[in-house]
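> one predicted model, sequence on top.
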There are 2 protein chains.
Amino acid sequence: MPASTPPRAAMAKGKGRILSIQSHVAYGYVGGKAAVFPLQCLGYDVDVVNTVNFSNHSGYGRFGGPRTSAAELNQILNVMEQNGLLQQDRLLTGYIPGAEATAAVTALAKKLRDRNSELVYLLDPVLGDSGRLYVAPEVVPIYRDALPLATIITPNWFEVEVLTEIKMADAASLREAIRTLHETYRVPNVVISSIPLKSWLTDLLPFPLRPPTNSDADYLACIASSKSDALSSVYIKCFPCLPGYFSGVGDLFSALVLAHFDEAGAEGMAPGESPLSYAASQAVSKTHAILTLTHEAASMLPEDERQATDEELDAREPMRKIKRMRGRELRLIQGQDIIRGTQPIDYKRLEPWEGFWTA
Amino acid sequence: MPASTPPRAAMAKGKGRILSIQSHVAYGYVGGKAAVFPLQCLGYDVDVVNTVNFSNHSGYGRFGGPRTSAAELNQILNVMEQNGLLQQDRLLTGYIPGAEATAAVTALAKKLRDRNSELVYLLDPVLGDSGRLYVAPEVVPIYRDALPLATIITPNWFEVEVLTEIKMADAASLREAIRTLHETYRVPNVVISSIPLKSWLTDLLPFPLRPPTNSDADYLACIASSKSDALSSVYIKCFPCLPGYFSGVGDLFSALVLAHFDEAGAEGMAPGESPLSYAASQAVSKTHAILTLTHEAASMLPEDERQATDEELDAREPMRKIKRMRGRELRLIQGQDIIRGTQPIDYKRLEPWEGFWTA
């Protein structure tokens, strides 16, 4: 073997083993297709259970293929259990179709948690976005029951509101929502992946944490909160929103948070970072860089492949929407050096939000 | 963007798009799990249609999960067609359960071939190994019908014998089998992925192409034959067989052949190499390096995870076999630098077999 080969023990062990339970699409990058390749690039063996096997994501309008029934999910998981193949260090769950399958996955999470208190379980409560539920309403209480099993959750702002039944509109309601996740639902680490930076939220922020005031862009914020004693440590980063809608972004983000989270502290962590804020910073930075690459690539496509969102025109001509979706599939493969960290990108570090609980 | 960023056009385009139709297992690396990650690492967008969704490969003895029916396969492929998502440059097909599903995949290959004469279709005729069929006998004629659609096929020696109905036992029968694949079945590129180097085959080889005579190891040979005019150009490389049985090796090998095959000539090709011999050399070298890594890692496991093959003991204690299988799953993730070509390995170049047709 050549001199550059890493030590044998490190090769044999690798970074660890993740069980990922998510949707699968043949074409494009959402669910498992957005999460698994990045996790593999970052050194994890990933065991992949597909909750659906679709042609493409539902945003195309037309999609097809079988859902994995709760009975089939249980069959796969039961055989893995019998064969001693459920000894993963980490668990990642995303979109699950229907209440019965969600309950099956939650039962598995409980089993793995009972067996291993060190399990790192990232639960991405995929419920909806921008004010609209993707899932049946009866799925929501099953997710609430699952929250105490999680090590980290990565809801967007809408999912925080659905889970906590608290509308975030001011300092008090934002605090109450985060407190509810930590205390009522006993989640130690909460990352709100994207919350629109409306003026009430900007006004709450200490000046150095606010985005530049000379920008026309809309901004989003990522908030990471880790429970410690009575209160929690809260970190935040604002970043500009890219125009248009991209699918699979949340799935990629959650995978990157899980990949970079290490309670013992990761190599490369700077003073003042916590394990959670470090993982969220890596995830925000890499996701934003992949999105920038995707946006640039889409903007170079022929004109009829990149027409703007227009529901009226889309309704008249279904291929219009489909071409737009195709052009906006994440450029994960072309961006794999971003994911591996071998291509320099703009690092968006989450900063401590001093006074979050007391100001 | 940093200075190291590749040109925008290259980023947007990538290496191309592959449609991969193979089995999926949650745990471990066979079928699509052995093929897709390497193809992605090598820069291809891969659209992934799963022909089964199993817990683990069948070598564990116990396995479970749904097969994708022919109707479900057609549903996925039809929606992709309606959405304009079947415009891949390359097609890779591997294990398909049953005659009906094999016929559905063959119909798709015909459609893509009719649409695009430049399509590079690597057909891995997964039929069996070591003298034993994995599939129902009625699948075999469907594969024979599909052969003329292929650009490259990658059978093992047993699959060559099944497809051609010629037992390879001497120079004449070896020539006749390869000639039948090129002429009767009109396959331009044939790679026999592994053929045991029995004495009849060693005796045929020009001296410089024979393995060292001072070795106790069993040897295998990889033979690549490209049709050109009346005869074909034949290349060969002998390499030592690693002890024990590893699953997914053929699936990894086929993916690497496809990834490295470029009719226009690949960057890094040496004088005397053909596009096919170059692709096969890369595939033999990288597959052998991954197997060596896997073998080394397996040999460092605790003793009860690496017990030798023994059917009698396995029958008494099923976990014995399961643990052995688990320990022998390919170390693809730990070997990703081998796949990407950024870690130096021993290069096993296929050499021209002068006089193959005439000697």
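Arrived safely.
> mind listing the strands for chain A?
A:17-25, A:45-54, A:90-93, A:120-123, A:128-129, A:132-133, A:152-153, A:189-196, A:219-227, A:232-240, A:351-352 (DSSP state E).
> and the residue of the stretch 101-250 of chain A that's closest to chain B?
residue A:108 (11.9 Å; CB to the nearest CB). In short, each C-beta sits where N, CA and C put it, glycine included.
> residue B:192 versus the spatially closest residue to that residue that is not a sequence neighbour, what's the distance?
Closest residue to residue A:108 apart from its sequence neighbours, by CB to CB, 6 or more residues apart in numbering or on different chains: residue A:77 at 5.5 Å. Using CB to CB, to the nearest Å, we find residue A:77 at a distance of 39 Å from residue B:192.
> same thing with residue A:241?
Counting by CB to CB, the gap from residue A:241 to residue B:192 is 55 Å.
> these two: who's more crowded?
residue B:192 (25 against 14; other CB atoms under 10 Å in any protein chain shown).
> any idea how far chain A is from the closest residue to that one other than its chain neighbours?
Take residue B:192 and drop its neighbours on the chain: the residue closest to it by CB to CB, 6+ apart is residue B:223, 4.4 Å away. Residue B:223 is 27 Å from chain A, where distance means CB to the nearest CB, to the nearest Å.
> returning to what we had before: isn't the residue nearest to residue A:108 right up against residue A:68?
No: Residue A:77 lies out of contact with residue A:68 (CB atoms under 8 Å); the separation is 10.7 Å.
> residues shared between the contacts of these two?
Listed contacts common to residue A:77 and residue A:68 are residue A:49; contacts here mean CB atoms under 8 Å, 6 or more residues apart in numbering or on different chains.
> ok, which stretches of the stretch 1-150 of chain A are helices?
A:8-13, A:31-41, A:70-82, A:99-115, A:139-146 (DSSP state H, counting those that start in this stretch).
> most tightly surrounded among those?
helix A:31-41 (a mean of 26; mean count of other CB atoms under 10 Å in any protein chain shown).
> show me what it is packed against.
Of the remaining helices and strands, those touching helix A:31-41 by 3 or more CB pairs under 8 Å, 6 or more residues apart in numbering or on different chains; DSSP states H and E are strand A:17-25, strand A:45-54, helix A:249-260, helix A:336-340, helix B:31-41.
> now with 7 Å, please.
For helix A:31-41, the contact count by 3 or more CB pairs under 7 Å, 6 or more residues apart in numbering or on different chains; DSSP states H and E identifies strand A:17-25, strand A:45-54, helix A:249-260, helix A:336-340 as packing neighbours.
> give me the residues contacting the longest one.
Yep, that's helix A:249-260 we're talking about. Helix A:249-260 is contacted by residues A:22, A:30-31, A:34-35, A:38-39, A:42, A:44, A:90, A:92, A:94, A:122, A:124, A:152, A:154, A:156, A:191, A:193, A:266, A:278-280, A:282-283, A:286-287, A:290-291, A:330 when judged by CB atoms under 7 Å, 6 or more residues apart in numbering or on different chains.
> show me the contacts for residue A:273.
Applying CB under 7 Å, 6+ apart, no residues contact residue A:273.
> possible to save the helices of the stretch 1-150 of chain A as JSON lines with mean pLDDT?
What follows is the helices of the stretch 1-150 of chain A, written out as JSON lines (pLDDT from 0 to 100):
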{"stretch": "helix A:8-13", "mean pLDDT": "44"}
{"stretch": "helix A:31-41", "mean pLDDT": "98"}
{"stretch": "helix A:70-82", "mean pLDDT": "96"}
{"stretch": "helix A:99-115", "mean pLDDT": "95"}
{"stretch": "helix A:139-146", "mean pLDDT": "95"}
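> what residues does the stretch 1-150 of chain A have near chain B?
Counting by CB under 7 Å from any CB of the partner chain, the residues of the stretch 1-150 of chain A close to chain B are A:2, A:4, A:8, A:11-12, A:14, A:24, A:26-27, A:37, A:40, A:43-45, A:47-50, A:53, A:55-56, A:60, A:62-66, A:68, A:72, A:75-76, A:79-80, A:82-85.
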